[in-house]
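Engineer: pasting the structure only:
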Ligand code: F6R
């Protein structure tokens, strides 16, 4: 049942405020302003304090959530995090020590490579924490620890609400680690909890951009190549925006760390290659604006995505601007990805593609 929407993907995009609320639900002790995962996580506080490094392993969109996870955990908890694509991790003889925690992320919980990576990690002696959307899935059954994303069933092949629910779960896990390891003050934890609870309403506001994103998408739909650029977390979100666009619109796109463009890729930027530039990270904002000017000088048509309040400044260097509501910097991916999902959806629609069932793809990849 598409609930009145034309496609499951559009329905699932619009279900995100609910998915955020359900994923946060029962995991925050509002009275004490603490994250409480103690009912779900069995690792003792001592075991949590002993973690020396974390490996995050996943495929596709879940891998992109893992890339955000690296920033979140390293910044909040100062534990070194490596992120790997599952089909690589399995075969690279990863260095797992007794104090390595392996995290796998999988919407379906049935992805063959992710499941094999989980088993490989356990064989090498690691405890595995799974973030999955399906209770009772193979990944959920085999993992030592499970945190469920409460996105509800995801039908469209292109993952949307599962990705953002993974982000919310990662934020909760990062804060939980930070509380136990005392790497953040109670005041900072409180700020995160407040900011997290504002996200669903902020997403509702972003969804009102759907008609604007439809217009942009119709303008982009006839191009054959497109670039997404960003720095730090915006780069991680760029990768996800680019995958979403490729898989359903079949427009070739690449995501690039903005500072890396001048090392070769800038040669591809012309007035035939639109650029979507994410500039939501204040600490690298000025650097990002210089990178935007570099592509502007090559006459690329640019859509900038920035924070509310920065639209005016940015509009001098880009053709169009979208502003997302302000939140804490680590939380921006949970907002900035929304316009990119809408862009992919409307671009696919404009090209007459089967949005919910893109060519060559299956919802869950149970072959290696
Ligand atoms: C992209 C997409 C895929 C999946 C990937 C992993 O929109 O849906 O990239 O994210 O196949 O699937 P799960 O999360 O089920 O392991």
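Structural biologist: Thanks, I have it. Just so you know, these numbers come straight off a predicted model, no measurement behind them.
Engineer: switch to C-alpha atoms for all contacts and neighbour counts from now on
Structural biologist: Noted.
Engineer: which positions in this protein make contact with the ligand?
Structural biologist: Where the chain comes near the ligand, counting by C-alpha under 6 Å from any ligand atom, the residues are 59-62, 106-109, 111, 157-159, 244, 364-365.
Engineer: of those, which belong to strands?
Structural biologist: Among the residues of the chain next to the ligand, DSSP state E puts residue 106 in strands.
Engineer: in helices only, show me the residues of the chain next to the ligand.
Structural biologist: 60, 61, 62, 244 (DSSP state H).
Engineer: can you put these in a markdown table and add pLDDT?
Structural biologist: Output for those, formatted as a markdown table (pLDDT from 0 to 100):
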| residue | pLDDT |
| --- | --- |
| 60 | 98 |
| 61 | 98 |
| 62 | 98 |
| 244 | 98 |
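Engineer: state the distance from the residue nearest the centre of the chain to residue 249.
Structural biologist: Centroid check for the chain by C-alpha atoms, centre = their mean gives residue 65 as the closest residue, at 3.9 Å. Distance of residue 65 to residue 249, computed by C-alpha to C-alpha, to the nearest Å: 21 Å.
Engineer: what comes up buried for the helix or strand hosting residue 276?
Structural biologist: Using DSSP states H and E, residue 276 maps to strand 275-279. Along strand 275-279, these residues count as buried under the neighbour rule (16 or more other C-alpha atoms under 10 Å): 275, 276, 277, 278, 279.
Engineer: do the same with stretch 298-311
Structural biologist: 298, 300, 301, 302, 303, 304, 305, 306, 307, 310, 311.
Engineer: from these, which ones fall inside strands?
Structural biologist: Those of these lying in strands (DSSP E): 302, 303, 304, 305, 306, 307.
Engineer: coming back round to it: show me what the strand holding residue 276 pairs with in its sheet, parallel or antiparallel.
Structural biologist: Sheet pairing for strand 275-279, assigned by DSSP bridges, gives strand 225-230 (parallel), strand 302-307 (parallel).
Engineer: residues contacting it, please?
Structural biologist: 226-231, 234-235, 238, 285, 288-289, 292, 295, 300-307 (C-alpha atoms under 8 Å, 6 or more residues apart in numbering).
Engineer: in the stretch 251-368 of the chain, which spans are strands?
Structural biologist: 252-257, 275-279, 302-307, 320-324 (DSSP state E, counting those that start in this stretch).
Engineer: how about the contacts made by residue 255?
Structural biologist: Contacts of residue 255 (C-alpha under 8 Å, 6+ apart): 227, 228, 229, 235, 238, 239, 242.
Engineer: try it again at 10 Å.
Structural biologist: Neighbouring residues of residue 255 by C-alpha atoms under 10 Å, 6 or more residues apart in numbering: 226-230, 235-243, 275-277.
Engineer: now residue 312
Structural biologist: 321, 323.
Engineer: please tell me how far it sits from residue 333.
Structural biologist: Counting by C-alpha to C-alpha, the gap from residue 312 to residue 333 is 22 Å.
Engineer: likewise residue 283?
Structural biologist: 15 Å.
Engineer: these two - which one has more neighbours?
Structural biologist: Using other C-alpha atoms under 10 Å, the more surrounded residue of residue 283 and residue 333 is residue 333, with 22 against 11.
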